[in-house]
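Trainee: the amino acid sequence is not available; the structure is as follows:
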C-alpha cells in the first residue's frame, strides 16, 4: 500500500466504523448489524490494507486524538518543562495544574479504544484474506504493534484499564468489562511488541514510509521493558538497534527532526505522517474530505505568527539548558539543541549566533511584543544571564523554518505538512544508556551518552559511577525531549511520589502544590464509568 493511504485515512476510517464498533459507548449495542460486511469485506489485500490505515487514525488525530492539539498534546506535556498560558481552555488547564477530575472534558480514553478495536478487527480477519502468508503475517504484526502502542498510552496515562483482545461486537463479555491490573496491561504491551518484532520487516520501500517496522517494534519493546524495570531484557533488545541490519543514527543537525523538509530521516524510528494537502479546511477528523494535516504549530506558535500561543518554556527548563555552556571557541555559546527548542534574542547573552528573524522576517523583539497580551496573564520568571532578564518562547514544533508570514496558522493547509517523530534514535540511545546504567555496563552507557552530547556540542565528559551516569541520563532526557511529552512519564517512573512533588515544587511547576499521588494517572472519564458499570475508577482516585 502506498503510504498516502495511511496519510489519507478518511475513507478507510469511515469503512472501519461500518464493520466494527467505533467507541466505548457502542459496546452497549448487543446486536451486530455489520456481520455481512465482515463476510464480504475481508476478500482482498487492498481492503486489508485500507483497514490497517484506520488503526493509525485515532492516535494521529489532528485536533482530537492522542497527538491532537486539543487533547493529547496538552495532557502529555503536563510536567515542569512547559508553562501553560493562563485562561485558556479549562479541559487543558486542569490536567496541567493537577486540578482535573473524572468530569474534565476531552479525554482520549475513548479514542484510544477505537484504535484497539480496529486492531482487534484486523488481527481477527487478516489471516483469512487471500494473499501470501508473508503479507498476512506482516499485517498481523503491524496491527499487533499498534494495539501494543495504544495500550502503552493507556497504561502510562490511566493505569488499570479494560483489556480487550477481540472485536467488541464478537463477544458480549466485552460490553461490560472490568479494568485489568496495570501489571497485566504491561504484559500485553510487551507481548504485542514481541509479536510485531517477529513479523514486521526491517525496512520498507519509500512508498510505505511511516508504517511501522521491526526496528520500531524493538525500540518500543525496549522502552516498555525499561518502564517496567526489566533492564537486562531491555538492554538486550535495544542493543540490536545499534548495529546492522539497522542503520539508525543521529542526524547531524538536531533541528532536522522538526521540519517537513527532512522527514523520515535516519533518526526516525516511528514517525506519524501528516499531509495538509489532502482534504479541505483547517479542522480534520475522519470525514472523507477532512484535512489530515499537523496543527501543533498553530497551538504552539506565538501571537503575531499565526499561532494561538498556548505554551511557553518554563524557567526551569531554560535553567537546565544554560547550566552547561559549550567550550570556549565554539560556534554557539549554549547547547546546540537550545537554538531549535527556543526563540530568544541571541545578542542579549553575548552569543556567536546572529539574532534570528522568522515569520516574514519578524525579529524576536517583534514576536515578544506581539505576544504581550497573553504573556501579561502570567509568565515564567526566567533566569538572568549576563545581567539581562531572560525572554524565551517555544520554537520547537513551530513552522519557524519557513520564514513566511503567519506560517503557524493551520487555516492555511500549506502550514500543516510536517510529520511527528514519535520515536527518535536519540531515545533509543538514552533508553539503552539507562538500561546499561542499571545493569552495570557503564562503558556502553557512556558511549550512548557521548553520542547525544556530541551532537549537542557539549564538551567530553566522564562518569565515575552508575549513579553519575543515571543522573546524566535524566538530564539529557530533559533537554533532548523538551516539549515532546516525555518529561512527566520520566519523572513518574524514576522518582517516588514525595521526590517527584519536591521536583515539581522546586521547579515552580504550575499547580505543583496540588500534585498528589493520584496525579500519576489521569482518572477514567466519568462517562466511561457510566457506560461500562463493570469499570472501577483507579484506586488512587
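Mentor: Okay, I see it. Since the structure is predicted, the reported quantities are computational estimates derived from the model, not experimental observations.

Trainee: you'd agree residue 423 is in a helix?
Mentor: No - counting by DSSP: H, G, I helix; E, B strand; the rest coil, residue 423 falls outside a helix, being strand.

Trainee: wait, it sits on residue 221?
Mentor: No - Residue 423 is beyond contact range of residue 221, at 11.4 Å (criterion: CB atoms under 8 Å). (C-beta placed from N, C-alpha, C; glycine too.)

Trainee: okay, those two: which has more neighbours?
Mentor: A count of neighbours by other CB atoms under 10 Å puts residue 221 above the other of residue 423 and residue 221, at 25 against 20.

Trainee: which residues touch residue 453?
Mentor: 459-461, 476 (CB atoms under 8 Å, 6 or more residues apart in numbering).

Trainee: mind giving me the PyMOL select for those, buried ones only?
Mentor: In PyMOL, selecting the buried portion of the contacts of residue 453, with burial taken from 16 or more other CB atoms under 10 Å, looks like this:
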select buried, resi 476
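
Trainee: out of the contacts of residue 453, flag the one nearest to residue 200.
Mentor: Proximity of those to residue 200 was ranked by CB to CB; the top entry is residue 476 with 28.7 Å.

Trainee: so which helix or strand takes in that closest one?
Mentor: Residue 476 is part of helix 466-480 when elements are defined by DSSP states H and E.

Trainee: show me the contact partners of that helix.
Mentor: 81, 317, 320-321, 335, 337, 426-427, 430, 433-434, 436-438, 440, 442, 445-446, 449, 452-453, 456, 461, 463, 486-487, 490, 494.

Trainee: show the buried residues in the residues you listed.
Mentor: 81, 317, 320-321, 335, 337, 426-427, 430, 433-434, 436-438, 442, 445-446, 449, 452-453, 456, 463, 486-487, 490.

Trainee: so which of those sit within strands?
Mentor: Using DSSP state E, no member of the buried ones among the contacts of helix 466-480 falls in strands.

Trainee: how much space between residue 406 and residue 362?
Mentor: Plainly put, residue 406 is 10 Å away from residue 362 if you go by CB to CB, to the nearest Å.

Trainee: okay, these two: which has more neighbours?
Mentor: Shown here are residue 406 and residue 362; by other CB under 10 Å, residue 362 has more neighbours (20 against 16).

Trainee: how about that one, phi and psi?
Mentor: phi -80, psi 130 (degrees, to the nearest 10).

Trainee: and the pLDDT for it?
Mentor: Model confidence at residue 362, given as pLDDT, is 97.

Trainee: neighbours of the nearest residue to it once chain neighbours are set aside, just the number please.
Mentor: Leaving aside its sequence neighbours, residue 362 sits nearest to residue 304 (CB to CB, 6 or more residues apart in numbering; 6.7 Å). Residues lying near residue 304 (other CB under 10 Å) number 20.

Trainee: thought residue 304 was touching residue 372?
Mentor: No - between residue 304 and residue 372 there is no contact under CB under 8 Å: 9.6 Å.

Trainee: in which helix or strand would I find residue 333?
Mentor: Using DSSP H and E, no helix or strand contains residue 333.

Trainee: distance check, it against residue 231.
Mentor: Taken as CB to CB, the span from residue 333 to residue 231 is 36 Å.

Trainee: tell me where the stretch 351-500 of the chain has helices.
Mentor: Along the stretch 351-500 of the chain, the stretches classed as helices by DSSP state H, counting those that start in this stretch are 364-370, 372-375, 425-438, 442-456, 466-480, 487-494, 497-506.

Trainee: most tightly surrounded among those?
Mentor: helix 425-438 (a mean of 26; mean count of other CB atoms under 10 Å).

Trainee: what angle do that helix and helix 466-480 make?
Mentor: Using axes from the mean of the first three to the mean of the last three CA atoms, to 10 degrees, the direction of helix 425-438 lies 160 degrees away from that of helix 466-480.

Trainee: elements contacting helix 425-438?
Mentor: Packed against helix 425-438 by the contact rule (3 or more CB pairs under 8 Å, 6 or more residues apart in numbering; DSSP states H and E) you find helix 214-227, helix 231-239, strand 268-272, helix 442-456, helix 466-480.

Trainee: same thing but 7 Å
Mentor: In this structure, helix 425-438 packs against helix 214-227, helix 231-239, helix 442-456, helix 466-480, with contacts taken as 3 or more CB pairs under 7 Å, 6 or more residues apart in numbering; DSSP states H and E.

Trainee: so which of the ones you listed is nearest residue 74?
Mentor: It is, among the helices and strands packed on helix 425-438 and with distance given as CB to CB, helix 466-480, at 19.5 Å.

Trainee: at the geometric centre of this structure, which residue do we find?
Mentor: In the chain, the centroid-proximal residue (CA atoms, centre = their mean) is residue 422; its distance is 5.0 Å.

Trainee: below-threshold pLDDT in this protein: ranges please.
Mentor: Within the chain, the segments meeting pLDDT under 70 span 1-36.

Trainee: now the angle from the helix holding residue 476 to helix 487-494?
Mentor: Using the same axes, to 10 degrees: helix 466-480 against helix 487-494 is 160 degrees.

Trainee: can you give me how far helix 466-480 is from the chain middle?
Mentor: In terms of CA atoms, centre = their mean, to the nearest Å, the centre of helix 466-480 is set 20 Å apart from its chain centre.
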